[in-house]
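Student: build the 3D model from these lines:
(one chain, ligands or ions: 1)
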Amino acid sequence: MNPTRVRPVPVAAAALLCLLAVMWQPLAAQRSQAALPRVHFVATGGTISNREGGRLTAGELAKSMPGVERYARLTHEQFTNIASSELTLAQWLGLAKRINEVFATDKELAGIVVTSGTDTLEETAFFLHLTVRDPRPVVVVGSMRNPSTVGYEGAANLLEGVRVAADPAARNKGALVVLNDEINSARNVTKSDALRLQTFRSREYGQLGVVDRDRVVFFNQIVQRHNEQSEFDINKVSELPRVDVIMVYQGASGDLIKAAVDNGAKGIVIAVAGAGATSGTQNDGLTYAASKGVFIVTSTRTGSGRIAPPQRQGDGGPAFQLSPEQQKRRQFTIAGEDHTPIKARVLLMVALTKTTDRNELQRIFSEY
Ligand code: GLU
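Tutor: Predicted coordinates:
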């Protein structure tokens, strides 16, 4: 046989095989895409979208992550496109309701990513931690540098947020905050630096996990109640009560507390300097608040530590008789446990949508 002569049948077979392989590739890619978890992305704005000359939309942000198709199938929607501190409490309610609705109507969805400005991100994330009643993750991400800056880290943070939201290990952990390769619980995280990329810290509790090149890794669990164990049904709430935070500092005037009460506050978080003492005339302000039925949550401004519920008389509590005023104050005072004043405010607003019983409020502060 002439070795150079090509036999027609094997050639045709090889060509057919090549053709099938070429056709198979996109089909296989399509199949493996279909097997990927689905993640929904809700954009609210913030530095992550704040490009000079016009903010990036949810669609533009969704397209800004090279390689996202390896981890998840992404859908997106624009909720708002504003700075985090511009979000109103009505919009907070709307956001929580929308996320609850998306989860309720899409049982196959793996998780939700929310972009936010970083300034009040910890407050929004904690609100979602308390009010989204689903075990699937809500991952809040932002960035410290805007898209017009060299070293913009928004697309990287968003991609990491998508990877966490797609990961089954992220379930049952409440709302999560992902920036700078780190996963923090919305309950404990706080913005600790005005500018640095590593600003989001969980105080002495530590991060829950990290997003590494190969996989998402969790080291810690959150033990307090959240999400699907949450008793707060925000769908029935049309307005959050006013709660103000007032700081204790040397010689502070109680007038600010009175003004908050007179302007409709239903709760005051008093950010005490240590474990309970106020300064100046603030005690008069708090007595006034209690006389008007306004709840007072004591929380420490030190950044860590816990305010314990007051002990009863004869049970480790005060040996002396409380004055009627002091007794009244006690009926309206709740220990903020280990929540920072800002987080205590969010919890009190949410708790007041459910109860105005002091003991119930204290239970809530001890459980969440
Ligand atoms: N850091 C600001 C925030 O928390 C972002 C500023 C902006 O988006 O305009 O929202």
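Student: which of the three states applies to I334?
Tutor: strand (DSSP: H, G, I helix; E, B strand; the rest coil).
Student: so what sits opposite it in the bridge?
Tutor: V297 (DSSP bridges).
Student: what is the burial count for it?
Tutor: I334 has 28 neighbours, counted by other C-beta atoms under 10 Å. Any C-beta I mention is one placed from the backbone N, CA and C, and that applies to glycine too.
Student: give me the residue from the stretch 101-250 of the chain nearest the ligand.
Tutor: G117 (1.7 Å; C-beta to the nearest ligand atom).
Student: now do the contacts for that residue.
Tutor: For G117, the contact set (C-beta atoms under 8 Å, 6 or more residues apart in numbering) comprises 44-48, 50, 82-85, 142.
Student: any idea how far R358 is from it?
Tutor: 35 Å (C-beta to C-beta, to the nearest Å).
Student: likewise for V140?
Tutor: Taking C-beta to C-beta, one finds V140 at 31 Å from R358.
Student: between those two, which is the more surrounded one?
Tutor: V140 (31 against 14).
Student: wait, Y152 sits on S143?
Tutor: Yes - contact criterion C-beta atoms under 8 Å: Y152 and S143 qualify, at 6.7 Å.
Student: the two: who's more crowded?
Tutor: Neighbour totals were compared for Y152 and S143, and S143 leads with 25 against 18 (other C-beta under 10 Å).
Student: check the secondary structure at the residue nearest to the spatial centre of the chain for me.
Tutor: In the chain, the C-alpha nearest the mean C-alpha coordinate belongs to A125, at 1.5 Å (C-alpha atoms, centre = their mean). Under three-state DSSP, A125 falls in the helix class.
Student: in contact with it, which residues?
Tutor: 116, 138, 140, 175-177, 186, 189.
Student: please repeat the previous calculation with a cut-off of 10 Å.
Tutor: 114, 116, 138-142, 174-177, 184-187, 189, 200, 343, 346 (C-beta atoms under 10 Å, 6 or more residues apart in numbering).
Student: filter those residues down to just the ones in strands.
Tutor: Using DSSP state E, 114, 138-141, 175-177, 184-185, 200 are the members of these that sit in strands.
Student: contact distance from the ligand - what residues of this structure qualify?
Tutor: For the chain, the contact set with the ligand under C-beta under 6 Å from any ligand atom comprises 45-47, 50, 83-85, 117-119.
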